[in-house]
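In: only geometry, no sequence info:
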């Protein structure tokens, strides 16, 4: 059924009051408008709607967050009215006495109540007693979430329900809570790494010797420049993925006496075919990187013959993905900044958050709310640093107060030594005074609540370590989306810096090179050539409009526009094309 058909049925449903019918019909119309699709093209499916609603943000549609929640609720009411949803109960539905008794044992406004509310009402509606809850009931509840609910990440919510239930089994044992623990599901269907015991010791020894060679442990190694630890981890990881693929292709990894037996052309073809089939019969950048690592070992390290070298050269030509410029994923992210309003929200987000949270009195009463807002301040600091000092996430994560930060006339100077930067080029950023003041206030006022006294990191984690990179990344991404409606990873701040600068100053690639810390202009130009396409199109549009008005531009003059002249990066240094 489409939303169009659902709307038609709702409008003539005799069991609903007239006002309710109009509300649901209006919610359906709003959904079609937000999705920019005809109602007949939108299936009345919770799975479809849930995925689409992930991209609907109040700022994009000039509406309130409350309006979106109301529309989602009305859609679910319409689904229930027409029999599309039969498992999950409405939020305010009455629980059975047995479930009400368990509910009363939970603390009011607690996290446990928030997580278990929907599950309790589901069980009440399905006439499931608390004593009968088991993994089968839990699985059926997950199915209902996935097919009938518009909540974000049903699997994650289901995992939380299982964890909270198990905590209550222990915590409320004396209150009569059923003593049945639920299995917390793990969703790792894409993982394929095999157990090390399935690989012969000789193979693992050869791999470690190869990594030692890349590390530069041997002064007479043929590798002139030692690999960084991070690069060694990538090489080892790709080798392990390759061995795992061979295992799933039925290759015995116990009997071979050396790693060289597993990088023959036949074995390589088998492993790469497994990756290719797994990736819907197409290659990817990820597959190409694995193939390149194996090729380097087989051809360079083992000094392969001409025939083997020719085979790997041909194979890499088919497997490696050579995309000039930004990847499609990064291009989609940067397209957000074609809208000047998005750029404005992006750049003004940190000071906006600071203004909203500047007073400690506004933090709230509960510990949970206070911590949430302190983390929001931390996110604002991280975002502001990335805007003015677009460094890689690892460097941001590991900024130390005692090593990388100094103060010059009230301005914050961040210095990352060359040996800690990916391309061995030191990073130096002197932040504006207003931003420096906010970072100083975070360090003095907010950071002590998030770290112990001995933790030296600007973004502290546990046990004297920096905050986990995954946690910091998710924190930044979530804040950007929730507060500004922007989808951006920490690394894409670097692309955003280039995009914003080149849109304002087309052709200024040397400036971008210095900001991003590239060694050569070629690297910058190869990544961001064309990043100012929209600015170029705007200039072209202006030319056409001026000509339509009958104005003729004299040779060498530009249209009346605020856009700066385009610069050829080669001409900046006296070169020619």
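Out: Sure, I can see it. In this text the structure is predicted, and so the values were computed from the model without any measurement.
In: ok, residue 84 - contacts?
Out: Contacts for residue 84 (Cβ atoms under 8 Å, 6 or more residues apart in numbering) come out as 1, 6, 44, 148. (C-beta placed from N, C-alpha, C; glycine too.)
In: how many neighbours does the first one have?
Out: This points to residue 1. 13 (other Cβ atoms under 10 Å).
In: Look up the closest residue to it, ignoring the ones flanking it.
Out: residue 44 (4.5 Å; Cβ to Cβ, 6 or more residues apart in numbering).
In: Next up, the contacts around that neighbour.
Out: 1, 2, 3, 5, 6, 79, 84.
In: Which ChimeraX command selects the buried ones in those residues?
Out: To isolate the buried ones among the contacts of residue 44 in ChimeraX, judged by 16 or more other Cβ atoms under 10 Å, type:
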select :2,3,6,79,84
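In: I'd assumed residue 137 was in contact with residue 128.
Out: Yes. In this structure, residue 128 is within contact of residue 137 by Cβ atoms under 8 Å, at 5.9 Å.
In: ok, those two, which is more surrounded?
Out: residue 128 (20 against 17).
In: Out of the contacts of residue 84, which is nearest to residue 502?
Out: residue 44 (44.2 Å; Cβ to Cβ).
In: can you tell me which of the contacts of residue 84 are in helices?
Out: Members of the contacts of residue 84 lying in helices (criterion: DSSP state H): 6, 148.
In: And the pLDDT for the residue nearest to residue 1?
Out: Residue 44 carries a pLDDT value of 93.
In: Tell me who's in contact with the residue nearest to the spatial centre of the chain.
Out: Central residue of the chain (Cα atoms, centre = their mean): residue 489, 5.6 Å from the mean position. By Cβ under 8 Å, 6+ apart, residue 489 lies in contact with 333, 473, 476, 477.
In: Name the spans of the chain whose pLDDT lies under the cut-off.
Out: 219-224, 359-366, 529-535, 551-577 (pLDDT under 70).
In: Could I get the full set of strands for the protein?
Out: 405-408, 411-416, 427-430 (DSSP state E).
In: Tell me where the stretch 1-150 of the chain has helices.
Out: Counting by DSSP state H, counting those that start in this stretch, residue ranges of the helices within the stretch 1-150 of the chain are 3-11, 18-35, 46-53, 58-61, 65-81, 97-104, 111-125, 135-148.
In: and the fourth one, what does it pack onto?
Out: Counting contacts by 3 or more Cβ pairs under 8 Å, 6 or more residues apart in numbering; DSSP states H and E, the secondary-structure elements packed against helix 58-61 are helix 65-81.
In: Off-centre distance for the helix it packs on?
Out: 27 Å (Cα atoms, centre = their mean, to the nearest Å).
In: contacts for it?
Out: Taking Cβ under 8 Å, 6+ apart as the rule, helix 65-81 contacts 6-7, 10, 13, 15-16, 20, 23-24, 26-28, 30-31, 44, 46, 49, 53, 56, 58, 85-86, 90-91, 148-150.
In: what would the helices of the stretch 1-150 of the chain look like in a markdown table with distance to residue 546?
Out: Formatted as a markdown table, the helices of the stretch 1-150 of the chain follow (distance: least, Cβ to Cβ, whole Å):
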| stretch | distance to residue 546 |
| --- | --- |
| helix 3-11 | 45 |
| helix 18-35 | 36 |
| helix 46-53 | 41 |
| helix 58-61 | 33 |
| helix 65-81 | 42 |
| helix 97-104 | 70 |
| helix 111-125 | 59 |
| helix 135-148 | 56 |
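In: out of the ones you listed, which comes closest to residue 216?
Out: helix 46-53 (48.0 Å).
In: list the buried ones in the closest one?
Out: 46, 49, 50, 53.
In: Likewise for stretch 495-510?
Out: Buried-residue list, stretch 495-510, by 16+ other Cβ under 10 Å: 495-503, 505-510.
In: just stretch 370-389 next, same as before
Out: 373-389.
In: cool, stretch 290-307 as well?
Out: Buried-residue list, stretch 290-307, by 16+ other Cβ under 10 Å: 290, 291, 293, 294, 295, 297, 298, 299, 301, 304.
In: just stretch 235-243 next, same as before
Out: So for stretch 235-243, counting by 16+ other Cβ under 10 Å, buried means 235, 236, 238, 239, 240, 241, 242, 243.
In: so the fourth one sits right up against residue 295, yeah?
Out: It stands for residue 239. No. With contact defined as Cβ under 8 Å, residue 239 does not reach residue 295; the gap is 11.9 Å.
In: mind giving me TSV with the contacts of residue 84 and columns for distance to residue 367?
Out: Below are the contacts of residue 84 laid out as TSV (distance: Cβ to Cβ, whole Å):
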residue	distance to residue 367
1	46
6	44
44	42
148	34
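In: dump the residue contacts of residue 425.
Out: 418, 517, 518, 519.
In: and residue 539, which of the helices of the stretch 1-150 of the chain is closest to it?
Out: helix 58-61 (27.2 Å).
In: gap between the residue lying closest to residue 61 once chain neighbours are set aside and residue 242?
Out: Nearest in space to residue 61, with sequence neighbours left out and distances taken as Cβ to Cβ, 6+ apart, is residue 34 at 5.6 Å. According to Cβ to Cβ, to the nearest Å, residue 34 stands 45 Å off from residue 242.
In: repeat for residue 469
Out: 25 Å.
In: can you check residue 318 too?
Out: On the measure of Cβ to Cβ, residue 318 and residue 242 end up 17 Å apart.
In: For residue 320, the count of nearby residues, please.
Out: Going by other Cβ under 10 Å, the residues that sit close to residue 320 add up to 16.
In: Please shift the residue numbers so they start at 651 in all later answers.
Out: Taking 651 as the first residue, the last one we looked at is residue 970.
In: my read: it touches residue 943, true?
Out: No. Checked against Cβ under 8 Å, the pair residue 970 and residue 943 is beyond contact range at 11.5 Å.
In: Can you give me every residue that contacts residue 973?
Out: So residue 973 contacts residue 935 (Cβ under 8 Å, 6+ apart).
In: hey, which helix is longest across this structure?
Out: Under DSSP H, the chain gives helix 1017-1038 as its longest helix.
In: now for that helix, which elements pack on it?
Out: Checking 3+ Cβ pairs under 8 Å, 6+ apart, helix 1017-1038 ends up next to helix 990-1007, helix 1043-1047, helix 1083-1091, helix 1119-1134, helix 1142-1154.
In: rerun that using 10 Å as the cut-off
Out: Where contact means 3 or more Cβ pairs under 10 Å, 6 or more residues apart in numbering; DSSP states H and E, helix 1017-1038 is packed against helix 990-1007, helix 1043-1047, strand 1061-1066, strand 1077-1080, helix 1083-1091, helix 1119-1134, helix 1142-1154.
In: Distance from that helix to the middle of the chain?
Out: Counting by Cα atoms, centre = their mean, helix 1017-1038 comes out at 17 Å from the chain centroid.
In: Check stretch 936-950 too.
Out: 27 Å.
In: swap in stretch 1149-1160?
Out: Using Cα atoms, centre = their mean, the offset of stretch 1149-1160 from its chain centre is 26 Å.
In: and the end-to-end length of that stretch?
Out: With Cα to Cα, to the nearest Å as the measure, stretch 1149-1160 spans 14 Å from end to end.
In: One more: stretch 827-842?
Out: Rule used - Cα to Cα; the end-to-end distance of stretch 827-842 is 38 Å.
In: Nothing else from me, thank you.
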